[in-house]
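[1] Take this sequence and fold it.
(one chain, ligands or ions: 1)
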Amino acid sequence: MELQLDRLTRKFGPKIAVDRVSATLSAGVYGLLGANGAGKTTLMRMICGVLRPTGGEVSYDGVPISHLGDAYRSLLGYLPQDFGYYPEFTALDFMEYMAALKGIGRHDARARSLRLLDQVGLAGEERRRIRTFSGGMRQRLGIAQAVLNDPEVLVLDEPTAGLDPKERVRFRNLIASLAQDKIVLLSTHIVSDVEYIADRILVMRGGAIVLSGSPAHLVSEAEGKVWEATLPAREAERLEGRLTASNIHYLDGGAACVRYVADAPELAGSVSVAPTLEDLYLYVFREPGPALAAGVHFKEDRHG
Ligand SMILES: Nc1ncnc2c1ncn2[C@@H]1O[C@H](COP(=O)(O)OP(=O)(O)OP(=O)(O)O)[C@@H](O)[C@H]1O
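    Numbering: from 1, shown residues only. Purely as a prediction, here's the structure:
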């Protein structure tokens, strides 16, 4: 079971949305992390065969998906970002309808639908109309339909969008339980969505994969680039937009502890601290900002 992306590229006019992405995915959970517009949806749509690449190709076990046709669709599960839920359908009607579209026989469809609705925590809600569901319930239904055909490749585009923290946790656990023996690719711009469940994280920026590896490996990439410094609170307030701060914690007595990412310390008294995946993400997506405002003590100022 192997999905190969070979210099996969998609242009929209002059805009390059996905730029020569190459990767080999085997069974496991892959977290595709990137800011809005990084190219995640475009990449996923090409992987699912609903958008043609303008360059490169996607292959499954060595065969281009354009040659596999229906055979590829039958081993694919997809939850698109803008999934249409048919609000007047009940959850069970919807599942059976999706099963029919996937070519699953009537008898099987009922049994599988009920089993999956139970697995995603919708037991007892089978006959409720979807329009009465919360966002979290709809997303769980979306996952359930995506795995109806027991896919080998499961693609979930921002499945946690709009979920509250409790639902996010529940959702993560659900993905982990459904992911066994599958290639699962899950996109998000929220680090904690994939930090714990992804075996590998692919960080996408400007249409390209700029970093990939296990969460632990990626965290180690930010080693020596995360700093903390304590300074007067009024100086900390003026740092806004001038420093890639991952956290500013105001302390009693008019001081503030600033945690930030940078190649070298930028504030006097900075100490290097252990990075988290969120620090790495901020480091990758940091905007080169202007120099710090006068009045803030640069490390060089104090020592120079
Ligand atoms: N059909 C299209 N026509 C023109 N440009 C497009 C089209 N689809 C995507 N793009 C552009 O390609 C780039 C990547 O978009 P994409 O939706 O893949 O990013 P994303 O990482 O999924 O972002 P988001 O999280 O906002 O969905 C963006 O600049 C977007 O405007």
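
[2] I'd guessed residue 48 sits against residue 78; true?
    Yes - between residue 48 and residue 78 there is a contact at 4.8 Å, judged by Cβ atoms under 8 Å. For every residue, glycine as well, the C-beta is placed using N, CA and C.

[3] any shared contact partners between the two?
    residue 155 (Cβ atoms under 8 Å, 6 or more residues apart in numbering).

[4] mind listing the strands for the stretch 51-200 of the chain?
    Secondary structure of the stretch 51-200 of the chain, counting by DSSP state E, counting those that start in this stretch: strands at 55-60, 63-64, 76-79, 153-156, 183-188, 200-205.

[5] how about JSON lines for these, with mean neighbour count added?
    Formatted as JSON lines, the strands of the stretch 51-200 of the chain follow (neighbours: other Cβ atoms under 10 Å):
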{"stretch": "strand 55-60", "mean neighbour count": "18"}
{"stretch": "strand 63-64", "mean neighbour count": "12"}
{"stretch": "strand 76-79", "mean neighbour count": "22"}
{"stretch": "strand 153-156", "mean neighbour count": "24"}
{"stretch": "strand 183-188", "mean neighbour count": "25"}
{"stretch": "strand 200-205", "mean neighbour count": "22"}
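
[6] Make CSV out of these and add distance to the ligand and mean pLDDT.
    As requested, these are exported to CSV (distance: least, Cβ to the nearest ligand atom, whole Å; pLDDT from 0 to 100):
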stretch, distance to the ligand, mean pLDDT
strand 55-60, 15, 97
strand 63-64, 22, 96
strand 76-79, 14, 94
strand 153-156, 12, 96
strand 183-188, 7, 95
strand 200-205, 7, 94
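
[7] Would you state the helices of the stretch 101-250 of the chain in chain order?
    Along the stretch 101-250 of the chain, counting by DSSP state H, counting those that start in this stretch, helices occupy 106-119, 135-146, 165-178, 191-195, 215-221, 233-237.

[8] so which of the ones you listed comes closest to residue 82?
    For residue 82, the closest of these is helix 135-146, at 10.9 Å, according to Cβ to Cβ.

[9] which of the residues in the closest one are buried?
    Residues of helix 135-146 classed as buried by neighbour count (16 or more other Cβ atoms under 10 Å): 136-146.

[10] And stretch 274-284, by the same measure?
    Taking 16+ other Cβ under 10 Å as the criterion, stretch 274-284 shows 275-284 as buried.

[11] which residues touch it?
    Stretch 274-284 is contacted by residues 33, 191-192, 195, 201, 203, 205, 210-211, 215, 218-223, 225-226, 244, 246, 259, 261 when judged by Cβ under 8 Å, 6+ apart.

[12] buried subset of those?
    Burial by neighbour count, 16+ other Cβ under 10 Å: within these this picks out 33, 191, 195, 201, 203, 205, 211, 215, 218-219, 221-222, 225-226, 244, 246, 259, 261.

[13] any residue of stretch 277-285 up close to the ligand?
    No - Stretch 277-285 does not reach the ligand (Cβ under 6 Å from any ligand atom); its nearest approach is 12.0 Å.

[14] mind checking the backbone torsions on residue 62?
    The phi and psi values for residue 62, taken as degrees, to the nearest 10, are phi 90, psi -10.

[15] From residue 111, how far out is it?
    Computed as Cβ to Cβ, to the nearest Å, the residue 62 to residue 111 distance reads 34 Å.

[16] Name the residue in these two with the higher neighbour count.
    Set residue 62 next to residue 111 and count neighbours by other Cβ atoms under 10 Å: residue 111 wins out with 11 against 7.

[17] Report the contact partners of the more buried one.
    Per Cβ under 8 Å, 6+ apart, neighbours of residue 111: none.

[18] For the ligand, see how far away it is.
    35 Å (Cβ to the nearest ligand atom, to the nearest Å).

[19] Around the ligand, which positions in this structure sit nearby?
    For the chain, the contact set with the ligand under Cβ under 6 Å from any ligand atom comprises 12, 15, 17, 34, 36-42.

[20] Now restrict the residues you listed to buried residues only.
    Taking 16+ other Cβ under 10 Å as the criterion, what is buried in the residues of the chain next to the ligand is 17, 34, 38-42.
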